[in-house]
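Participant: what follows is a predicted protein model with its sequence.
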Amino acid sequence: MVGTRRFTLGRQWEDKCEGCPEPLHYTDATYFNDSDVKSAAPADGAAAGAAGAGAVGLVKEVLRLHHATTSTQRHNEIVEQLGDPPPAHSRDRGYGMSMWLASACVALHEACKVQAGDLLATRSTAGRLERVLKVLKAEIAKKYS
């Protein structure tokens, strides 16, 4: 499957066909909108304000904390490893940035590594960003305590 939309795969089956070297494979695919802010409850007051502004507000807050907790050299290493973040004018920037920031968090912070599977597989863009935000806030608290 190709495209920028998110799908879950459901029932799968195959049919034999005459003259085909292999059977034809089919699956049911269900599209889901993972950018719905209502699908994830904010974890705290600051996240609630950002969530009110939507995924874009959460992206800005997480990106700000990412830069506050990551040296320029380490950030450049992460960009080298993960590729450039999605461009600002991208239609799906909220989703793309949430995936990029979650991947960066997994690469940089142990608290994200232990939840990597759930963090990267969640269907909620806002939920993903809120989980990264929580980790980055803890890193900031450690840094200044």
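Facilitator: It's in. Model, not experiment: these values are computed from the prediction.
Participant: the nearest residue to residue 87 once chain neighbours are set aside - how many residues pack around it?
Facilitator: Of all residues not flanking residue 87 in the chain, residue 93 sits nearest, at 7.4 Å (C-beta to C-beta, 6 or more residues apart in numbering). Heads up, the C-betas are built off the backbone N, CA and C, glycines and all. One way to gauge burial is a neighbour count; for residue 93, by other C-beta atoms under 10 Å, it gives 17.
Participant: what's the answer for the one 3 residues further on, then?
Facilitator: Counted with other C-beta under 10 Å, residues neighbouring residue 96 total 17.
Participant: next one: residue 81
Facilitator: 10.
Participant: contacts only, for the residue lying closest to it once chain neighbours are set aside.
Facilitator: Nearest residue to residue 81 in three dimensions, chain neighbours excluded: residue 107, at 6.4 Å (C-beta to C-beta, 6+ apart). Under the criterion of C-beta atoms under 8 Å, 6 or more residues apart in numbering, the contact list for residue 107 reads 78, 81-82.
Participant: output the lowest mean pLDDT helix or strand found in this structure.
Facilitator: The helix or strand of the chain with the lowest confidence, counting by mean pLDDT, DSSP states H and E, is helix 45-52 at a mean of 43.
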